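Trainee: Based on what follows, work out the 3D shape:
(chains A, B, C and D)
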Protein chains: 2
Amino acid sequence: MVTIYDIAKKASVSPMTVSRVINNSGNIRVATREKVEKAIKELGYVPNSAARSLTSNQTKTLGLILTDISNPFFSKIARGAEDAAVETGYRVLMSNTDEDSEKEINYIDMMLSARVDGVLIAPTSDKTLDQIKRLRQHNIPVVLIDRTIEGFVGDYVLGDSYEGSRKLVEHLIEYGHRNIALINGPSNVSTARERQRGYLETLKLNDLPVHENYISEIDFKSVQAGNTKSIVDQLIQLNEKKRPTAIFAANNFIAISVMKALKELGLHVPNDISVVCFDEVEPVVYFDPFFTVAAQPAAELGKVGVKFLIERVEQKNVDQERKIILPPDIHIRKSTRKIE
Amino acid sequence: MVTIYDIAKKASVSPMTVSRVINNSGNIRVATREKVEKAIKELGYVPNSAARSLTSNQTKTLGLILTDISNPFFSKIARGAEDAAVETGYRVLMSNTDEDSEKEINYIDMMLSARVDGVLIAPTSDKTLDQIKRLRQHNIPVVLIDRTIEGFVGDYVLGDSYEGSRKLVEHLIEYGHRNIALINGPSNVSTARERQRGYLETLKLNDLPVHENYISEIDFKSVQAGNTKSIVDQLIQLNEKKRPTAIFAANNFIAISVMKALKELGLHVPNDISVVCFDEVEPVVYFDPFFTVAAQPAAELGKVGVKFLIERVEQKNVDQERKIILPPDIHIRKSTRKIE
DNA sequence: TAATTTTATGTTACCGGTAACCGAAAGCGC
DNA sequence: GCGCTTTCGGTTACCGGTAACATAAAATTA
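Mentor: Model (predicted):
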C-alpha cells in the first residue's frame, strides 16, 4: 500500500510536507507542491482514513441503523440519508435490525468499534435507550428517525403518525364509515402508538364507538399474512351491526397482508370493504394508484436526520434538541368507497 | 475515549496483556484475565478498529456500490449482501451511483481511503473497468454483481438475463404473439445487452421477423415515463400488421412506465396488449399478482456476491474466477393474454 | 535444590498519518 | 552586508493498537 512516506521519498521531501500538500495546510512553495502532487498521481496514493482518524479522532463515518433496508420505506430513508451524508463528506455504514434488540446491540457494538462520528437509528423498542446511553458515553451523537422511545432526550425526525392517522380516519368517516377497525403494528413502536392514538381520538371526536375487538396488533412487516387472515376473519364474522366497513392498516405491509386475507375470504376492496394505510404502496402507484394512504416523506426523513446528526457531530446548534415531525401526504384513491 | 492504556492502568497490567485478553491470544492467567475483563466492563471499553487496522492491514469493511438502494431490486441485493457480511464479521459501506460514472469514481475514492477489504459493485458502464483496475492496484478484491463489463476478468454473480429473456419471449410466442416489441435499458449495461440477445435469438428460432422500430432504449429507472410515452405511442401507431401485440419491458421500472403510458393512451393490459418484464413488481404481487415476470433472486445475488468477495479477501479459492449466473423464476400472471 | 523448560507478562518498535515545535532559507529594511 | 521577520520544510512524538522480542515467574526435571 502506498503511504505518505513513499510519496515523500519519491518527491524527496519529508512526509510532513506531503501531509501539508494533501491537506492544504501551512505554506508550501509552488514548486514543492507540484513535485509532491506529481508523485501522488504517479503512485496513485490515497490517504489512509484509519491512520488519519487516529489523530483527528473522527472517522467521517456515520452509522445507519434501520430495521430492514429491503423495506421500501426504509430503503428510501437510507437513500436520503446517504445522499445527505456524501454531500457533506461522510460515509455511511448500514445495518438491519429486523426489529430485534439483540441484533441491535451487536450493531451498536459494531458502530462503537468503528468509531462512527454519529448514529442515525430507528430504535427497535424502549430498550434501545440503554444502547443510546452507551453511544453517548462514548460521545457519539445519536438522532432518532421514524420513531421515538420512552425517556429519550435529543434530536429526532419523525413522520406525523398521529396527524396522518387522524386524517385517514376522518376521510373514512366522511365517506360514511362508522365501523372502522385498526390493524396496528406492535405497540412497543412509537409510530404504532401514535397511529392508535390518532385513530381513537378521531373516533371519539366523531362520537363513534370503539368496539373491543376492533383493534389488533401484528408485526409491521408481516407480508406473509400469517395471523392477518384470522384477524380479518374475526372482524368479518362480527354481526351485521358491528362488522367493520373499513380497515385501517397501520402500514403498507400490513395493508398488503390485509388485502391478501380479504381476497382469500372472497371480499372485494372497496366494494365490500374499504382499506386505508400508512406509507405508499410502491411502485404500482405510478400507473395504477389504488391505495388510499398517508404517504410519509421517507427520503426527506433520512436527509433531515443526517443533517441534524452532522450538525451535532460538528457541534453546531448544540444548544437544544430539535424535534422535527414531517406531515404525511394523504392520497385518496381507489381502496376507499363512499357508503350509505 | 477509553483506550487499552486506561484498561491497563486500571487492571495494573501492561497494555499488551490487555490486547492479549481481548484477542484471546497468548497465555494469560485466569486471575489476570478476570482483572482485565472487569476493567473493560467497568470502563465500557470497545477496541478502536482504526488503530487495529493500522497494524493488521485489514478493516473488516466491505464496499457496496449499487446504482440506487431505493430501487427494490438493489435494496434486496443490499440486504442479502449485508446479511452475509455481518455473519462473517464484516461491516458494509453503502453507496448509490445513479448509473453515473462520475459519482462512481468518487465512491471508489471513498472506498480506497476507507481501505475497505473488498468491493462488491454493479458497474455503471464499461468505463468502470478503469476504476476496478485502480482498486486492484491497491490489492482490493472486486466482485461484480448484476452486471459484467467488457474486459473484466474476475468473479461475478449475475441473474441470467439471456435465459430469462428467452423464456419470457417464448411464453409470449406460445400465447400466439408474433409482434413483440422490446423496450430495453441502456445498451452499455450488460443486462440490457443480454436481454436483447435473448429476445432476438428467440424471435429468430421461431422464424419471427424483427421490425426496425421494435427495439428502443431508455433509462432503467425512468419511472416518470418521460419518453416512454412517445416510444409506446410510436409502436401503437404502426399499421395493423406491424403493431405489436406484446411489449417486453427490460425491467420493472420500465414496465411501470410502459403501463402508465398505455393507460394514458387508453389501452388495457392484457386485453389490448400484453406486457412482460424482468424483476418482480413488488409488493403488490403478494395480494394481486399482475405482471408476468422473470423474477431474479436479488437477495441471493447479494449473498453469493459477498460470500465470493470475502473468500477473495481471505484468500480462499484464489485459484480461478467464479462466474455464477442465477436463473430467474418465470411467473406467468395477468399481464399476458393468449391471442388469436 | 539447582538447572531447565514452560508459562505469563512486559518492552520496544511500528502501522500511517498529523500537531507541535524547531531550524534553515529567503525576503526585507537600513 | 547585517540583523530581523517571514516563509518553508524538517524532526519528534503521539494517536491506539499489535508483532516480535525479552524477561520474570512458575512448573518441571534432574
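
Trainee: The helix or strand containing residue A:275 pairs with which strands, parallel or anti?
Mentor: Per DSSP states H and E, residue A:275 falls inside strand A:274-278. Here strand A:274-278 is paired, per DSSP bridges, with strand A:246-249 (parallel), strand A:292-295 (parallel).

Trainee: any idea how far that strand is from the chain center?
Mentor: 21 Å (Cα atoms, centre = their mean, to the nearest Å).

Trainee: Which among the strands paired with strand A:274-278 is found nearest to residue A:137?
Mentor: strand A:292-295 (37.3 Å; Cβ to Cβ). For glycine as for every other residue, the C-beta is placed from the backbone atoms N, C-alpha and C.

Trainee: Against which helices or strands is the helix or strand that that closest one is followed by packed?
Mentor: Next helix or strand after strand A:292-295 toward the C-terminus (DSSP H and E): helix A:298-313. Counting contacts by 3 or more Cβ pairs under 8 Å, 6 or more residues apart in numbering or on different chains; DSSP states H and E, helix A:298-313 packs against strand A:61-66, helix A:72-87, strand A:118-121, strand A:142-145, strand A:156-159, strand A:323-326.

Trainee: Does anything pack onto the fifth one? Which helices or strands?
Mentor: Packing contacts for strand A:156-159, counted by 3+ Cβ pairs under 8 Å, 6+ apart, involve strand A:142-145, helix A:190-205, helix A:298-313, strand A:323-326.

Trainee: What residues of the helix or strand following it count as buried?
Mentor: Downstream of strand A:156-159, the first helix or strand assigned by DSSP H and E is helix A:161-174. Neighbour-count burial for helix A:161-174, counted by 16 or more other Cβ atoms under 10 Å in any protein chain shown, picks out A:161-169, A:171-173.

Trainee: which one among those gets closest to residue B:56?
Mentor: residue A:161 (45.3 Å).

Trainee: Run through the residues that contact that closest one.
Mentor: Applying Cβ atoms under 8 Å, 6 or more residues apart in numbering or on different chains to residue A:161 gives the contacts A:190-191, A:194-195, A:198, A:278.

Trainee: which of those are buried?
Mentor: Buried, going by 16+ other Cβ under 10 Å: A:190-191, A:194-195, A:198, A:278, out of those.

Trainee: what residue ranges in the stretch 151-300 of chain A score low on pLDDT?
Mentor: Along the stretch 151-300 of chain A, segments meeting pLDDT under 70 span A:222-226, A:283-287.

Trainee: Most proximal residue of it with respect to DNA strand C?
Mentor: Closest contact between the stretch 151-300 of chain A and DNA strand C, by Cβ to the nearest atom of the strand, is at residue A:155 (28.0 Å).

Trainee: That residue is in contact with residue A:322, isn't it?
Mentor: Yes. Here residue A:155 reaches residue A:322: they are 4.9 Å apart, a contact under Cβ atoms under 8 Å.

Trainee: Mutual contacts of these two, please.
Mentor: residue A:308.

Trainee: Comparing these two, which residue is more hemmed in?
Mentor: residue A:155 (24 against 16; other Cβ atoms under 10 Å in any protein chain shown).

Trainee: quick revisit: now the strand holding residue A:275 and helix A:161-174, what's the angle there?
Mentor: Using axes from the mean of the first three to the mean of the last three Cα atoms, to 10 degrees, one finds that strand A:274-278 and helix A:161-174 are set 170 degrees apart in direction.

Trainee: With only the CA atoms kept, save strand A:274-278 in CSV.
Mentor: Provided in CSV are the C-alpha atoms of strand A:274-278 (Å, rounded to 0.1, in the frame of the first residue of the first chain):
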residue,chain,number,x,y,z
SER,A,274,-62.5,-0.1,2.4
VAL,A,275,-58.9,-0.1,3.3
VAL,A,276,-56.5,2.7,4.2
CYS,A,277,-52.9,2.6,5.3
PHE,A,278,-49.7,4.4,6.2
